[in-house]
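In: No letters, just coordinates:
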């Protein structure tokens with residue numbers, strides 16, 4: 001591998017507890033059901049496109065109400081995460097620094113809404129080490145297409161995708177890339193090309209560090 005594309009949730013950080021707290025607050029203030037919005041519930045939803053998350057969490061709401069609620073929740077997430085300084089997984093920043101210093105490009109591609117990736121980058125001052133990012137809001141496409149777009153836009157050489165769910169795996173294989181399964185994340189993948197048990201294992205796969 002000569003370049004790396006990262007997923008966000010379950011791969012670089014786990015923001016589900018903070019986001020669940022924010023979504024419960026907003027839902028409660030509008031008299032919508034909120035008790036079922038927990039970190040565990042969100043771990044099973046993250047990685048999907050936003051309307052699909054909304055339908056899963058708020059099936060009792062008409063489509064227009066659901067879309068407004070889930071959109072408003074997401075629109076307020078970035079400030080909430082920044083205010084509470086959502087941490088990265090242990091070792092992630094060190095990995096990103098080492099990969100950058102080794103001269104490999106690093107891109108983030110996620111099904112999140114606009115501003116979410118930028119918030120992660122800003123909180124942890126990664127602007128000089130992450131070479132680009134694409135989310136579903138940027139293009140209107142899902143992850144498979146956005147992985148393809150990232151490869152072309154950033155002229156990635158021999159890229160891999162690092163993610164943690166079956167959806168990540170399916171999108172990656174659809175885009176024709178090798179998939180690195182972050183087994184410490186949210187999901188299960190039956191037949192990944194590579195498995196990492198912790199973020200630092202990326203350095204071994206990339207040939208930056210010996211076992």
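Out: Ah, there it is. These figures come from a predicted structure and were not determined experimentally.

In: Longest helix of the chain, counting residues only.
Out: helix 63-84 (DSSP state H).

In: For that helix, which outside residues touch it?
Out: 15, 18-19, 21-23, 26-27, 30, 32, 50-51, 53-55, 57-58, 61, 112-113, 115-116, 118-120, 122-123 (C-beta atoms under 8 Å, 6 or more residues apart in numbering). To be clear about C-beta, it is placed using only N, CA and C from the backbone, and glycine gets the same treatment.

In: repeat for stretch 134-144
Out: 47, 49-50, 107-114, 116-117, 145-146, 149-150, 153, 167-168, 170-172, 174-175.

In: ok, now stretch 116-125?
Out: Stretch 116-125 has contacts (C-beta under 8 Å, 6+ apart) with 8, 12-13, 74, 77-78, 81-82, 85-86, 88, 93, 108, 110, 126-127, 130, 133, 135.

In: isn't residue 175 right up against residue 156?
Out: No - between residue 175 and residue 156 there is no contact under C-beta atoms under 8 Å: 11.0 Å.

In: hang on, the earlier thing: average pLDDT for the longest helix of the chain?
Out: Averaged across helix 63-84, pLDDT comes to 93.

In: And for stretch 39-55?
Out: 89.

In: List the residues that contact the residue nearest to residue 177 when sequence neighbours are not counted.
Out: Residue nearest to residue 177 in three dimensions, not counting chain neighbours: residue 161, with 5.1 Å by C-beta to C-beta, 6 or more residues apart in numbering. For residue 161, the contacting residues are 5-7, 109, 147, 168, 171-172, 175, 177-180, by C-beta under 8 Å, 6+ apart.

In: so residue 161 bridges to which residues?
Out: residue 5, residue 179 (DSSP bridges).

In: For residue 28, see how far away it is.
Out: 37 Å (C-beta to C-beta, to the nearest Å).

In: ok so, going back, of the contacts of residue 161, closest to residue 199?
Out: Comparing the contacts of residue 161 against residue 199 with C-beta to C-beta places residue 6 closest, at 9.8 Å.

In: gap between the closest one and residue 105?
Out: From residue 6 to residue 105 the distance is 11 Å (C-beta to C-beta).

In: And the pLDDT for the spatially most central residue of the chain?
Out: The centroid of the chain falls nearest to residue 8 when counting by C-alpha atoms, centre = their mean (2.2 Å). Confidence at residue 8, expressed as pLDDT, is 97.

In: from memory it sits against residue 112, does it?
Out: Yes - Residue 8 lies in contact with residue 112 (C-beta under 8 Å); the separation is 6.2 Å.

In: With adjacent residues omitted, what lies nearest to residue 131?
Out: residue 105 (4.7 Å).

In: quick one, which residue of the chain lies the farthest from its center?
Out: residue 31 (29.3 Å).
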